[in-house]
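Could you work out the structure for the sequence below:
(4 chains)
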There are 4 protein chains.
Amino acid sequence: MNTATAQQINEQLSELDARLLRLLEDRAALLQQAESSVQEAALRRIKQVQAAVAAQAAAPKKPLLVSRKSKQTDTVIALGETEIGSGKPLLIAGPCSVESREQVREVAAALKQAGITVMRGGAFKPRTSPYEFQGLGVEGLKILKEAADEFGLRIVSEIVDPAHIELACDYVDVIQIGARNMQNFELLKAAGQANVPILLKRGLAATIEEFIYAAEYIASKGNSRIMLIERGIRTYEKATRNTLDISAVPILKQETHLPVLVDVTHSTGRKEIMAPCAKAALAAGADGVMVEVHPNPAEALSDAAQQLNIPQFHRFFEEVKQSGLL
Amino acid sequence: MNTATAQQINEQLSELDARLLRLLEDRAALLQQAESSVQEAALRRIKQVQAAVAAQAAAPKKPLLVSRKSKQTDTVIALGETEIGSGKPLLIAGPCSVESREQVREVAAALKQAGITVMRGGAFKPRTSPYEFQGLGVEGLKILKEAADEFGLRIVSEIVDPAHIELACDYVDVIQIGARNMQNFELLKAAGQANVPILLKRGLAATIEEFIYAAEYIASKGNSRIMLIERGIRTYEKATRNTLDISAVPILKQETHLPVLVDVTHSTGRKEIMAPCAKAALAAGADGVMVEVHPNPAEALSDAAQQLNIPQFHRFFEEVKQSGLL
Amino acid sequence: MNTATAQQINEQLSELDARLLRLLEDRAALLQQAESSVQEAALRRIKQVQAAVAAQAAAPKKPLLVSRKSKQTDTVIALGETEIGSGKPLLIAGPCSVESREQVREVAAALKQAGITVMRGGAFKPRTSPYEFQGLGVEGLKILKEAADEFGLRIVSEIVDPAHIELACDYVDVIQIGARNMQNFELLKAAGQANVPILLKRGLAATIEEFIYAAEYIASKGNSRIMLIERGIRTYEKATRNTLDISAVPILKQETHLPVLVDVTHSTGRKEIMAPCAKAALAAGADGVMVEVHPNPAEALSDAAQQLNIPQFHRFFEEVKQSGLL
Amino acid sequence: MNTATAQQINEQLSELDARLLRLLEDRAALLQQAESSVQEAALRRIKQVQAAVAAQAAAPKKPLLVSRKSKQTDTVIALGETEIGSGKPLLIAGPCSVESREQVREVAAALKQAGITVMRGGAFKPRTSPYEFQGLGVEGLKILKEAADEFGLRIVSEIVDPAHIELACDYVDVIQIGARNMQNFELLKAAGQANVPILLKRGLAATIEEFIYAAEYIASKGNSRIMLIERGIRTYEKATRNTLDISAVPILKQETHLPVLVDVTHSTGRKEIMAPCAKAALAAGADGVMVEVHPNPAEALSDAAQQLNIPQFHRFFEEVKQSGLL
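From the prediction side, this is the model:
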């Protein structure tokens, strides 16, 4: 488009906007003189005008990179032979924290036996208190990598410091950005330069819109291999640890082209409802489910109460598979 | 039990409680002298004590009438040949408000054609503003009854005044208590004396515990034919009208013996995600789903934006049925 | 206005609305061709249009009766010589529930001594469980009336059933509508026909807008002597029983002409912060504060933990008075 | 303490805990046989036991560094001659973002004239979208420093990257950690090594407990010059941008020894209620208030709607001062 035309369009738009404002002033004056029944009808009509204006006001100049308006087809993320987002949902499982080589090997063996291909495990743990177990750090990543190699699994692990992103790529197949860091924009930007896929958790009280923009931070730096994971939001309800926002699944599937997963451990915090919630997630269209499993939850160094032990995990997995949804 | 024994038990309990308190005082004194590592171990042990105490403190003297501890088997509510809670889920549909005979007949015919057996429709409408359409009242109930008779449907309709409960039983098959009235205890008590089943909606910001107690108000007055319906809770998220609390479904199924339904209209307020959310509800174990349908939503006198029109309803129903969950 | 003119205005408005819609279509077409920088400028301008449209869409045809647009001057409610809303703030105090003649007399004597003129006390208690103490009912109202007469106090008490409103007017000076009944519209309508002032509590999760509309239900039935009372809203925070929404005070004062109070007992549920919160309420412009006081909170039949005993009450009152705000 | 004794205490505690558990088992057995009235009384007594146990379970081994249990006296933070936390509250004001030298000088001059000594201004801006203005960065810090030197002000500015903390100390007098970064633990740890005071904002949906622990992260790394600032929490209410949690002020003052401030701009987002909310904050015990001011809010590059212009700021300041609370 040449500049002359651009300027013409600009002028036409400016003039048109001025006319809109004048018309609205006239309308306000007329409205004041009108009777109730006329005002009522006018109110119904203005709602249509309002919708049309909102559409133009809301429309970002360009659709976001993660938006389905930018890319119609589903993004599929390959982890070895596992494809996430391809229509065949997966289960990701593993311990909350990496505590020891034995613990990780025991879980990895159980996952392998169940046919699971992707294991999660935390080496860097963001904890509410500075005096709680903060994870084994790089040592934890090494333990994960060893177990992954031994059992042929792929690894997801959380990174909390922009400076660790590059290092992490040597050990893990997917970098997780945790809920507390969903708007740690420096970390998001660093993740956008990583050469591995990112699993982005929704913040504790993030809106769906903010969640999508957080993904856009990553995409805008060049990494479009992003998975979104709903993990429950903070509400007044205390029967569950958080409130699983199941509606987020179809909304995110419709508004973005990214794979969408659901973490049934952190969203519910209650073992006895994890299987029904996993089925709900899959029925709502999720591409996968994440769940925590620990050889001995009672001794876990973090979040003991909500981790399945290995037999519980097998029962959970059976129940979900029997639904035919996984 | 004779009184002597009762008194003895009372004395034993009193004495035992006094010993517990003394032991705890001793413990506090010891704890102060202990080293960090000892304190740490003591902290882990006291959590077990805490759980044991909590169990005794939380335990209501008698389980609630609606609790599964009172009755192991699922309560099944028969509406003609339809059985709610029997394992075969149902769909309840109909307009938000009854507006005219024609409107109700048109919806009833569509439901009949689709094989739906239970229709909802509002005759008394609790509205935020006193100047909004408040429903046709008894005239609305009569319109519902006529359409029900003509098309062989059962009727669910909301009642808002304790004084109307008796009258309503002449016209409707199920009385709905709306979300805003979930803790209108006078209405709950009146519903407890009705001879029809009650569909109790969860309050806008009610906890699951409060919801169960609201059902108990009804049951305690003699009416145990109660269905619970999750309809979304109020949270900070504005992408949906409310936040569908999917976890409430398995929790309510586990903690009570009552049928549990999900209202996908009020929980989401977004047509494009109603089918996935209905599937999620059923996968989570819901006994049924409720959805609003209107011949011409754009002209609806209430909640126009969230009501499906008849072709949209058919598509919604097809999509849910195809999942095999309905 | 004669009908000819009314119809002309209607036609002019209809035509004008059609022009607005056509202009917006043209604008959308132009916008699509425009360059980013032009779109950016257009976006800023459309926000102005949006505001103008919103003003016309939001504007109710007539301002609400409770709105300051309907009545500029503050509504002042006289209870004997006490005037609420006149600029001199007051303290309302009393027990959560009426339990016995002695209990009420003891509190009344303490209030009298402190110079308090209005006492609260619950005779009908809406309780979460049907098995909790539900109040003494009419007997409780009689006890309140006797104590009021003896000590020269005015009485506020909650009514929960529309059928009791008339009866209550014989015993109490102000009828309270509780938080759980804020949208019990049948009760609001009955209160609108009472000949005593109404103290309307904000619902547990009511928006300020819903709260104002609930007051309008009362006003629309003819009773404009309404006091609004903020009592905390339900949020994720558990350090307090509810979250005192202090911003509601200036907003309600600006948007309505009604007196606005703050209940520091139910909003905080923590004795040690009731005095600072009462001071905050008054500094924010509240016309009064309500607090619960009980001769022996440990034995109270309801809400024991959050009721001040009489010495605590005196200290609370002293601390608030010393601020000069009361 | 010698190890023998330590071990003895450990054994005594272990034994004592075992006795507690056995007693509780006996109690459960007795309880089952007891009559309702006996159970009722037992329930009341067990609540006392529960409180005693909770006290021991909740008690961290050592009180936190930021807790008033560690340090009784108020922490006072000196910025030049201004002392924060000393009993004389202060007002911090300034633009949301640093946009230009002129803009900052204009605000600084207005603050100077009003007698304000501490100015805020954002050079690094965490923004929801990656395409929004992200601040001028180090250039912005330099502009702030220049204006501060010219007008004799102290500067508060937000840092978002752990790597910038050291650099920032050259330009600013106080480093702000923003709400989105309240649980960015790497940033907190870096702030704990800075040689300037830290202004820590409460997270959007952080509990008071989490807020205190975030401060502890900073203190545990050696920097105890921390100010806490309540800035509104995310709730369902949309009349305000966030909900100012006024109760947090007295709770934080009681539970920690740190200065507590309130940001009336982000908590309310409504200019017309900022003065009453500032007065409420001070009446509740806040050590200061923060407010945003911009020479021309309509052209502000961020958060235009909620920034006071300079005459509005002067009126705000006058209104708050007239209350005698500032």
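
other SSEs contacting the longest helix along chain A?
Scanning chain A for the helix with the most residues, using DSSP state H, yields helix A:3-33. Packing contacts for helix A:3-33, counted by 3 or more CB pairs under 8 Å, 6 or more residues apart in numbering or on different chains; DSSP states H and E, involve helix A:36-58, helix C:3-33, helix C:36-58. Where C-beta positions appear, they are placed from N, C-alpha and C, glycine not excepted.

What are the boundaries of the helices in the stretch 101-250 of chain A?
Using DSSP state H, counting those that start in this stretch, the helices assigned to the stretch 101-250 of chain A run over residues A:101-114, A:138-151, A:165-168, A:185-191, A:208-220, A:248-255.

a markdown table for those, including distance to chain C?
Formatted as a markdown table, the helices of the stretch 101-250 of chain A follow (distance: least, CB to the nearest CB, whole Å):
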| stretch | distance to chain C |
| --- | --- |
| helix A:101-114 | 32 |
| helix A:138-151 | 31 |
| helix A:165-168 | 31 |
| helix A:185-191 | 22 |
| helix A:208-220 | 15 |
| helix A:248-255 | 17 |
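
For these, give me JSON lines that also has mean pLDDT, distance to chain D and mean neighbour count.
JSON lines is the format used below for the helices of the stretch 101-250 of chain A (pLDDT from 0 to 100; distance: least, CB to the nearest CB, whole Å; neighbours: other CB atoms under 10 Å in any protein chain shown):
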{"stretch": "helix A:101-114", "mean pLDDT": "96", "distance to chain D": "23", "mean neighbour count": "19"}
{"stretch": "helix A:138-151", "mean pLDDT": "97", "distance to chain D": "15", "mean neighbour count": "19"}
{"stretch": "helix A:165-168", "mean pLDDT": "94", "distance to chain D": "12", "mean neighbour count": "18"}
{"stretch": "helix A:185-191", "mean pLDDT": "97", "distance to chain D": "5", "mean neighbour count": "24"}
{"stretch": "helix A:208-220", "mean pLDDT": "98", "distance to chain D": "5", "mean neighbour count": "23"}
{"stretch": "helix A:248-255", "mean pLDDT": "98", "distance to chain D": "15", "mean neighbour count": "23"}
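
a markdown table for those, including distance to A:G87?
Formatted as a markdown table, those follow (distance: least, CB to CB, whole Å):
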| stretch | distance to A:G87 |
| --- | --- |
| helix A:101-114 | 21 |
| helix A:138-151 | 25 |
| helix A:165-168 | 29 |
| helix A:185-191 | 26 |
| helix A:208-220 | 21 |
| helix A:248-255 | 12 |
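
A:K62 - how many residues pack around it?
12 (other CB atoms under 10 Å in any protein chain shown).

With adjacent residues omitted, what lies nearest to it?
Excluding the flanking residues, the one nearest A:K62 by CB to CB, 6 or more residues apart in numbering or on different chains is C:S36, at 7.5 Å.

just A:K253 next, same as before
Computed as CB to CB, 6+ apart, the closest residue to A:K253 that is not its neighbour in sequence is A:G285, at 5.0 Å.

angle of the helix or strand of chain A with the lowest mean pLDDT against helix C:3-33?
Taking mean pLDDT, DSSP states H and E as the measure, the helices and strands of chain A show their lowest mean at helix A:36-58, namely a mean of 84. Helix A:36-58 runs at 10 degrees relative to helix C:3-33, counting by axes from the mean of the first three to the mean of the last three CA atoms, to 10 degrees.

For helix A:36-58, which outside residues touch it?
A:27, A:31, A:34, C:6, C:9-10, C:13-14, C:17, C:20-21, C:24-25, C:27-28, C:31, C:42-43, C:46-47, C:49-50, C:53-54, C:56-57, C:61-62 (CB atoms under 8 Å, 6 or more residues apart in numbering or on different chains).

Good, wrapping up.
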